[in-house]
Structure formats: C-alpha cells, structure tokens
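Undergrad: Below: sequence and its predicted model.
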Amino acid sequence: MPRHFVRHLIPLLGLLMAFMPIFSTPTPSIAQVTTTVTLATVDVGVAETTWVEGRIACGVAEGCSGFSITVRFDRELVRVQTAEIGPYLGAQVFEAQNMVDNAAGTVQLSAAALQPIPAGAENILFRLEVGGLYPGQAALEVAEIEVVNPNGETLPASGGAGAANVYETGKIPFFSPPVNEWEVAFVSERDGNPEIYSIMANGSGLRRLTENDVLDGGPTWSPDGARIAFHSQRDGGLDIYVMNADGSGVQRLTDHGATDYAPAWSPDGGRIAFVSERNGNADIFVMNADGSNVQQITSDQAQETQPVWSPDGSKIAYASNAGGTYEIVVINADGTAPQQITNLFGANGWHPAYNGIGTLVALSIERDNLADIYTMTPAGQNVTRLTPESDQLTSTDWSPDSRYLAHMSTQTGITDLYVLDTARDYLFRLTEDPDEDYDPDWRPVGESGPCAIRTSDPFIQLRVGPGLNRTVFTYVPVNQDVLVTGQITDGDGILWYEIDKTQIIGGEQVNGLFVRASEVSAVGACGSLPPSEGTPIIPDVPRPTPGDGSWGPCGSCDTCGHPGECVTSPSGECLWDPATCGPP
C-alpha cells in the first residue's frame with residue numbers, strides 16, 4: 001500500500017458511497033493541534049496474551065476520518081496474534097490494510113470511516129493482541145503515521161511508544177519464526193491413523209497431505225522444497241513414495257516384498273537414502289530419486305536405521321546397534337570407511353541430523369526411556385546437551401537457518417511438536433492437539449541455506465562483543481564455514497556478525513563472539529539475520545586484592561561469589577562474563 005493514500009481515499013469513498021458526505025472543495029484548515037496516537041504499556045506472561053490499545057487524540061474538531069500506521073515491535077520477545085480496527089472510526093469502516101508480520105516485527109494498518117465520526121466516539125483507534133515469548137521488556141512504537149480529516153487533508157500527526165513487559169509463567173509459548181515462509185511437514189494421528197500434514201512454523205495453515213486408512217509417515221522435503229519423500233503401507237507392504245508439496249502426484253519408488261522406510265534426500269536432490277530389511281535385517285540403501293539404481297550401503301548383521309546425508313553429500317550418518325546399543329556411525333556415501341563417532345556408554349543414540357553447513361550434528365540420547373537432545377561436531381566431539389529436562393524425544397530436524405531444532409515432546413502429557421532455540425535454550429510449541437504429532441521436517445527455503453562466514457586469513461579476530469574496543473578471544477578458523485546467529489551495528493556504524501560460539505573451542509565460556517563483517521566472506525541467507533543483543537562492555541577496572549569485593553587476578557575474582565567468573569582466552573587474555581557478575 002503506497003504512502004499518502006488515505007487523503008485520496010476519503011474523497012473517493014465520498015463519491016462512491018451515498019451515505020458518505022461529499023467534500024468537493026477542500027476547506028482551508030484553521031488552527032490545528034497535532035494529532036497523536038499513543039500505545040499503552042501492558043504486562044503479559046510467557047505463552048499468554050493481552051491487548052495493547054492504540055489511542056488517538058484528534059487535533060481537529062471535525063474528527064480524524066482515516067489513518068495509515070506502521071507499528072514496530074520487538075519480535076524477539078513478543079508476537080502479535082491479531083490486529084483490530086476501531087471503535088473510534090465508527091461501525092462502518094473501510095479496512096484497506098491489516099497485515100501482521102511477526103518475522104519483520106511490524107503491523108501495518110490502514111482504514112477510513114464510511115460515516116461521520118460519531119459524537120463522543122471512544123478514542124481507541126486500533127488494538128493489538130500481543131503474546132509473550134521471552135521474559136523482558138518488548139518495545140512497541142508507532143514508526144510511521146498518516147492521519148486525514150473528512151476532506152482528505154493530511155493532518156499534523158505523531159506517534160508514541162509503549163511496551164509489553166513479559167514475565168515468566170513456566171508456560172510454553174508458540175513459535176514465532178524469523179522467516180514467514182518456514183513450513184514443517186510432520187506425521188499426525190489426529191484423524192485416527194498416521195497421516196502426513198504440513199503447518200507453517202507459526203502454527204497457522206495446517207494442511208493434510210495424505211489420506212489413507214494405513215500408515216503414511218517419515219516425511220522429508222526435497223532440497224528444492226518441491227516434493228516430499230515418505231513411506232507408506234497404502235499398497236500392502238511398507239515402501240518409499242514421493243509426492244508434490246501439496247500432496248498431489250504420488251509416485252511409488254520401491255516395490256519389494258520386504259519393508260522399506262525412512263527416506264532421506266541427498267543435498268543435490270538426485271538420490272534418496274533409505275532403510276530396507278530386504279536382506280534379513282535393517283540396512284542402509286541408496287537409490288536414484290526416481291527409484292532406479294538401488295545400491296546397498298551397509299551389510300553387517302546389526303540393525304542400521306535413520307540415515308541422514310551430510311550437507312556436502314559425501315557421507316551418510318545413521319544409528320547402528322552393532323555394539324548392543326545404538327551409536328551414531330558415519331560412512332562414505334559409496335559405502336566405504338564406516339566410523340562410529342559416539343561412545344554413549346550403554347545409552348542409545350538416535351536421529352542424527354546435520355545442521356545446514358555441516359558443522360554440528362544434533363542427536364537424541366536415550367537411557368531408561370528418557371532422552372535429551374545434544375549437539376556434537378561431525379567427528380563426535382564437544383558433545384553439548386541442549387534440553388533442560390529429559391523427555392521422550394523422536395526425530396530432530398534443524399530449521400533452514402540452523403538456529404532452531406524441531407522435535408517431538410511429551411513433557412505436557414500430550415505428544416506434540418516443539419521448537420528448541422539453540423542459542424538461548426528456550427522451548428516453543430509448534431502444535432497442540434490431543435493426538436500424537438511427530439517426525440517433523442523443515443521445508444527448505446530457496447537455495448541460500450543458513451548464513452555462514454568463511455576466511456582464509458588466519459588472523460581475523462573474534463571478539464567477546466561487537467566493537468573494536470572489545471577483547472580479542474581468538475581467531476576465526478581458516479577455510480571453514482562458521483554459522484552466523486545474528487548481526488549488530490556498533491556505535492561507530494560498523495556491522496558485526498555474531499557467530500555460533502559452540503563452534504569455537506572454549507567459546508561457551510563467554511556471552512557471545514563477534515567478527516567484523518567486512519573482514520570475512522558471507523554466504524547463505526545473511527540478509528534476514530535477527531538483531532543481536534551484543535554484550536555489555538567489559539569495564540577496564542583495577543583488580544587489586546581478591547576478597548574485598550573487587551576484581552583480582554584472572555581466576556580469583558569473587559565479586560558475586562561464583563566460581564569461574566573470570567576465564568582465560570585461548571590466546572591467554574583475561575576475560576570475564578557479565579552474565580554472572582556485574583562490575584564492582
């Protein structure tokens with residue numbers, strides 16, 4: 001909707017609508033007071049909603065008959081469920097625009113009254129239904145505003161700011177994805193048997209893609225997002241099929257007397273790995289995407305299942321019980337050089353999943369029917385637990401930007417889909433249905449993939465915060481993609497990327513690690529990065545004797561009584577973490 005349309009809209013509606021007064025000649029304005037639109041400050045709990053009112057103080061006696069407003073909000077802390085016009089404009093309103101964009105953090109509203117503003121009209125111009133995501137204070141502001149009188153004349157107008165104070169409730173909020181096009185395919189039993197559905201990542205747009213009286217499951221999107229491979233019993237045995245993204249054009253790829261299941265697309269879309277029991281036990285096979293050229297990849301007596309390709313297509317990871325319990329094994333895509341990369345000491349490792357650039361592998365580790373989600377390097381090192389509480393978990397899948405993990409959880413007593421924020425260890429709900437939802441798979445968005453940085457220069461500095469005055473922690477690994485999780489511009493106007501600190505040895509000890517954007521090459525969807533919060537400035541304060549409430553030598557600071565407040569960087573410099581201890 002172009003700007004300044006409202007002042008042209010009012011006279012046009014007057015000509016078209018018999019009940020609208022006609023103003024053929026705009027009359028000159030006499031003394032005008034600036035019209036203001038202000039937003040309220042409200043309190044809202046995590047996973048709860050409240051209404052934020054936008055109230056108008058019209059600066060002219062004849063009333064304000066139309067408006068166009070853009071409201072910006074902190075999408076990291078809240079999301080807007082709905083927006084409503086009125087009641088200030090009266091009962092008959094032409095609503096030209098009502099668009100909520102939680103990915104951008106904006107609401108755009110445009111409307112005009114079709115009758116004169118009623119006397120004594122309540123001054124609520126619009127209302128926003130706001131839901132809490134994270135605890136904190138979420139800013140709300142009128143970023144753009146245009147208001148007109150019944151003649152279509154633009155009035156002097158300004159907008160105010162409000163806030164939503166989000167408090168912790170212990171509840172689980174619905175996910176608010178940073179990209180509007182994110183979609184998840186999954187299996188649900190809400191219609192009586194396992195069928196494949198898809199849903200937008202914000203919980204809207206539920207679609208049923210299959211409809212049979214037998215099992216349809218294991219959905220996985222093709223790399224271009226155009227097709228879904230899945231397994232089904234629709235023709236008797238369990239076989240591999242593909243269909244279009246809307247559920248049409250179903251094609252059967254395997255037709256064997258034994259069980260075939262768990263398909264996984266190769267990154268180039270040309271092949272599909274799957275599990276088959278055609279030789280007496282579960283083994284990994286690979287075939288062309290049209291079902292031709294079937295090749296067996298594993299051939300021992302163990303049960304091998306849940307295959308997944310590395311992003312470069314050179315390897316396949318899977319779960320194998322060759323040692324009695326399930327461990328994660330990686331094998332070359334041609335079936336050579338299998339290598340066990342986990343040693344779980346009697347626990348079971350399930351559902352390996354590479355992130356978009358192949359630097360981390362997520363997996364579920366289960367013991368005594370309870371499991372947790374972990375990440376590790378592709379070599380099985382730096383194993384890190386993500387879930388705060390053990391649960392019954394199934395397949396895990398990375399979001400297109402590799403910042404979130406979708407999975408099934410039963411922690412509320414109902415089997416639903418959830419999203420785990422890997423950067424903040426926060427949980428979101430994706431579905432809410434009394435019947436089971438499981439096996440999520442994110443739809444790829446274009447071909448850009450997650451944002452990552454790379455350099456061949458061994459001396460590109462990683463700092464503990466954005467800005468040249470921040471301490472250098474270490475250097476960016478050379479010739480290696482490093483995942484980017486956010487971006488921020490410092491006080492000097494320099495753009496900095498915040499990188500995934502878990503990819504840096506020792507990086508988990510600091511709040512965040514940043515690199516100057518101009519010093520590295522960036523690939524992937526770097527244009528849609530979320531804003532980074534940065535980190536507090538590390539003060540340059542004297543560090544005299546430990547024990548007097550001030551800072552001592554590195555490793556002996558005791559200001560707030562926590563061990564490990566000071567850390568030493570790999571380059572030997574003394575740092576501290578503002579998350580656990582403020583300045584003395």
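TA: Received the coordinates, thanks.
Undergrad: wait, what's in contact with the residue positioned nearest the centre of the chain?
TA: By C-alpha atoms, centre = their mean, the chain has its centre lying nearest to Pro177, at 4.2 Å. Counting by C-beta atoms under 8 Å, 6 or more residues apart in numbering, Pro177 touches Asn102, Ala103, Met200, Ala201, Asn202, Ser399. (Glycine included, C-beta is placed from N, CA and C.)
Undergrad: now do Ala229
TA: Contacts of Ala229 by C-beta under 8 Å, 6+ apart are Gly218, Pro219, Thr220, Ser222, Ile240, Tyr241, Val242, Leu253, Pro263, Ala264, Trp265, Ile272.
Undergrad: Ramachandran coordinates for the fourth one?
TA: So the one you mean is Ser222. Dihedral pair for Ser222: phi -70, psi 160, per degrees, to the nearest 10.
Undergrad: okay, now it: neighbour count?
TA: 19 (other C-beta atoms under 10 Å).
Undergrad: any idea of the pLDDT on it?
TA: If you check Ser222, the pLDDT there is 94.
Undergrad: how close does it get to Asn244?
TA: According to C-beta to C-beta, to the nearest Å, Ser222 and Asn244 sit 10 Å apart.
Undergrad: Show me whatever sits in contact with both of these two.
TA: Ile228.
Undergrad: Can you give the contact residues for stretch 304-319?
TA: Contacts for stretch 304-319 (C-beta under 8 Å, 6+ apart): 262, 264-268, 273-275, 282-284, 286, 297-298, 320, 326-333, 341, 348-358, 361, 378, 395.
Undergrad: quick revisit: now that we have the contacts of Pro177, which one has the most neighbours?
TA: Highest count within the contacts of Pro177 by other C-beta under 10 Å belongs to Ala201, 28 neighbours.
Undergrad: so what's that residue up against?
TA: By C-beta under 8 Å, 6+ apart, the neighbours of Ala201 are Phe175, Pro177, Val179, Trp182, Glu183, Val184, Ser399, Val419, Leu430, Trp442.
Undergrad: do that again at 7 Å, thanks
TA: When contacts are counted by C-beta atoms under 7 Å, 6 or more residues apart in numbering, Ala201 touches Phe175, Pro177, Trp182, Glu183, Val184, Leu430.
Undergrad: For this structure, just list every one of the helices.
TA: 6-16 (DSSP state H).
Undergrad: Hmm, Ala226 is touching Met243, no?
TA: No - using C-beta atoms under 7 Å, Ala226 is not in contact with Met243, being 10.3 Å away.
Undergrad: neighbour count winner among those two?
TA: Taking other C-beta under 10 Å, Ala226 and Met243 do not tie; Met243 has more neighbours (20 against 13).
Undergrad: Next one, pLDDT for the residue nearest to that one when sequence neighbours are not counted please.
TA: Nearest in space to Met243, with sequence neighbours left out and distances taken as C-beta to C-beta, 6 or more residues apart in numbering, is Val250 at 4.5 Å. On pLDDT, Val250 comes in at 96.
Undergrad: pretty sure Val250 contacts Ile240?
TA: No - the criterion here is C-beta under 7 Å, and Val250 misses it with Ile240 at 11.5 Å.
Undergrad: Just give me the neighbour total for Ala362.
TA: With other C-beta under 10 Å as criterion, Ala362 counts 24.
Undergrad: Convert the C-alpha atoms of the top strand by length along the chain to PDB, please.
TA: For the chain, the longest strand by residue count, based on DSSP state E, is strand 136-148. Taking Å, rounded to 0.1, in the frame of the first residue of the first chain, the C-alpha atoms of strand 136-148 are listed here in PDB:
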ATOM      1  CA  GLY A 136      11.900  -8.900  29.200                       C
ATOM      2  CA  GLN A 137      10.600  -5.500  28.100                       C
ATOM      3  CA  ALA A 138       9.400  -5.500  24.500                       C
ATOM      4  CA  ALA A 139       9.300  -2.100  22.800                       C
ATOM      5  CA  LEU A 140       6.300  -1.100  20.800                       C
ATOM      6  CA  GLU A 141       6.300   2.100  18.700                       C
ATOM      7  CA  VAL A 142       4.400   3.900  16.000                       C
ATOM      8  CA  ALA A 143       7.100   4.000  13.300                       C
ATOM      9  CA  GLU A 144       5.000   5.700  10.600                       C
ATOM     10  CA  ILE A 145       1.800   7.600  10.700                       C
ATOM     11  CA  GLU A 146      -0.600   9.400   8.400                       C
ATOM     12  CA  VAL A 147      -4.000  10.800   9.500                       C
ATOM     13  CA  VAL A 148      -6.600  12.700   7.400                       C
END
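Undergrad: which residues are contacting that strand?
TA: 3-4, 6-7, 10, 35, 37, 39, 52, 64-74, 77-78, 154-155, 157-166.
Undergrad: just stretch 255-269 next, same as before
TA: Against stretch 255-269 from outside (C-beta under 7 Å, 6+ apart): 218, 220, 222-224, 229-231, 237-240, 254, 272-278, 289, 305-309, 311-313.
Undergrad: mind listing which of the residues you listed are in strands?
TA: Per DSSP E, the contacts of stretch 255-269 map to strands at 218, 220, 229-231, 237-240, 272-276, 305-309.
Undergrad: model confidence over stretch 281-297, on average?
TA: 96.
Undergrad: Touching it from outside, list them.
TA: 253-254, 269-276, 298-299, 301, 303-305, 307, 316, 318, 331, 335.
Undergrad: distance between the ends of stretch 197-216?
TA: 10 Å (C-alpha to C-alpha, to the nearest Å).
Undergrad: and Gly380, how many neighbours does it have?
TA: For Gly380, using other C-beta under 10 Å, the count is 18.
Undergrad: In the stretch 101-250 of the chain, what residue spans correspond to strands?
TA: 106-113, 124-132, 136-148, 154-155, 157-159, 161-167, 183-188, 195-200, 207-208, 216-221, 227-235, 237-244 (DSSP state E, counting those that start in this stretch).
Undergrad: quick one: which of these is nearest Thr415?
TA: strand 183-188 (9.6 Å; C-beta to C-beta).
Undergrad: Just checking: what are the partner strands of that closest one?
TA: Using DSSP bridges, strand 183-188 pairs in its sheet with strand 195-200 (antiparallel), strand 437-442 (antiparallel).
Undergrad: Need the ones you listed in TSV (columns: mean pLDDT and distance to Pro87).
TA: Output for the strands paired with strand 183-188, formatted as TSV (pLDDT from 0 to 100; distance: least, C-beta to C-beta, whole Å):
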stretch	mean pLDDT	distance to Pro87
strand 195-200	96	31
strand 437-442	95	39
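Undergrad: now the protein, which segments are flagged as low pLDDT?
TA: 1-32, 446-448, 509, 535-584 (pLDDT under 70).
Undergrad: how about a cut-off of 50?
TA: The chain contains residues with pLDDT under 50 at 1-5, 7-8, 10-30, 537-565, 567-569, 571-573, 577-584.
Undergrad: follow-up on the earlier one: between Val250 and Ile240, tell me which one has more neighbours.
TA: Applying other C-beta under 10 Å to Val250 and Ile240 shows that Ile240 carries more neighbours, namely 26 against 16.
Undergrad: For the more buried one, which residues are in contact?
TA: Ala229, His231, Leu253, Thr254, Asp260, Pro263, Ile272, Phe274.
Undergrad: Throw the residues you listed into TSV and include distance to Ala112, thanks.
TA: Formatted as TSV, the contacts of Ile240 follow (distance: C-beta to C-beta, whole Å):
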residue	distance to Ala112
Ala229	50
His231	54
Leu253	56
Thr254	60
Asp260	60
Pro263	53
Ile272	54
Phe274	58
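Undergrad: mind checking how far the residue lying closest to Asp101 once chain neighbours are set aside is from Val445?
TA: Spatial nearest neighbour of Asp101, chain neighbours left out: Asn180 (6.8 Å); criterion: C-beta to C-beta, 6+ apart. In this view, Asn180 and Val445 are 10 Å apart by C-beta to C-beta.
Undergrad: Neighbour count for those two, which is higher?
TA: Val445 (18 against 15).
Undergrad: Any figure for the gap between the nearest residue to that one once chain neighbours are set aside and Asp255?
TA: In this structure, Val445 finds its nearest non-sequential neighbour in Pro400, 4.7 Å apart by C-beta to C-beta, 6+ apart. Distance check for Pro400 against Asp255: by C-beta to C-beta, it reads 33 Å.
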